[in-house]
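Visitor: Show me the folded form of this:
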Amino acid sequence: MHDEDYSFVIDGTEFAIDDPKVTGRQLLEVAGKFPVDEFLIFQFLKSGQLEELRLDEKVDLSENDTEEFFCFKSSESYRFTVNGRRFEWGDASIAAGMVLRLAKVAPDAASLWLEVRGCEPDRLISLEESVALDPTGIERLYTSEKDPVVEYKIKVNGKEFSVTTDQLTGREILELASLTPAENYTLRLKISGERPRKVRLDEEVDLTKPGVEKFKALPRDQTEG
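Guide: This is a model prediction of the structure:
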């Protein structure tokens, strides 16, 4: 008899059982995964690795904090590497965010790349994508540090705004300052030592140029057309 319940998580959902030593079969049964012999179950280790748990293999839920598992309705596992570390997965695809989680890499600090065989360049994988896995081979992925985000500060009618793009159109500057509809305003760029010049709505302004930071927007004169 056990007086306490032991928690575990499968595919993001928390369950509890009163026996700390359970088999893969018992975990799947508690999670309602039937028939259990059609599922694979993996334990998410503290190292970030996934370890397949056989149906008759026991795991001790009392050794660590809440243990986490992933299960897949599949008969075969897939393999891939990230930065040289090998991982197993139970589905034919894996989300980019999960790849980074397993590799213990923060999504905002690194980019994920898929190594492409042959002469084609390696492919950048966005966080919204999934990576297709090949059951007959090993997909190789790696991460690279993201370039630091550069912020550009501009002022519109004395109010400061920060942007991370190095080019904005006149329309985008007005919309950034909530001056809409943009057609109702005239925008001018003020650079020290130069006369203010008009910026067209479709004109792109290069914010990397020295002195490009101050703008003046005025309602259009009704006679301006």
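
Visitor: Any chance you could spot the residue sitting in the middle of the protein?
Guide: Taking C-alpha atoms, centre = their mean, the centroid of the chain lies closest to residue 127, which sits 3.8 Å from it.

Visitor: which ones are touching it?
Guide: Residue 127 makes contacts with 96, 97, 100, 107, 112, as judged by C-beta atoms under 8 Å, 6 or more residues apart in numbering. C-betas here are computed from N, CA, C, even on glycine.

Visitor: What subset of the residues you listed is buried?
Guide: Listed as buried from the contacts of residue 127 are 96, 100, 112; burial here means 16 or more other C-beta atoms under 10 Å.

Visitor: ok, so of the residues you listed, who is nearest residue 50?
Guide: Using C-beta to C-beta, residue 100 is the member of those that sits closest to residue 50, with 14.1 Å.

Visitor: Looks like the closest one contacts residue 113 (just checking).
Guide: No: look at residue 100 against residue 113 with C-beta atoms under 8 Å: they stay out of range, at 11.6 Å.

Visitor: mind listing the helices for this protein?
Guide: 24-30, 96-102, 170-176 (DSSP state H).

Visitor: which helices and strands sit right next to the last one?
Guide: Packing contacts for helix 170-176, counted by 3 or more C-beta pairs under 8 Å, 6 or more residues apart in numbering; DSSP states H and E, involve strand 152-156, strand 185-190, strand 214-219.

Visitor: Show me which positions of the shortest one end up buried.
Guide: Neighbour counts over strand 152-156 (16+ other C-beta under 10 Å) mark 152, 154, 156 as buried.

Visitor: Name the nearest residue to the second one, ignoring sequence neighbours.
Guide: Think residue 154. In space, residue 154 comes closest to residue 213 once its chain neighbours are excluded; the distance is 5.1 Å by C-beta to C-beta, 6 or more residues apart in numbering.

Visitor: Okay, buried residues for the strand ranked longest in the chain please.
Guide: In the chain, with assignment by DSSP state E, the single longest strand is strand 138-145. For strand 138-145, a neighbour-count test (16+ other C-beta under 10 Å) marks 139, 140, 141, 142, 143 as buried.
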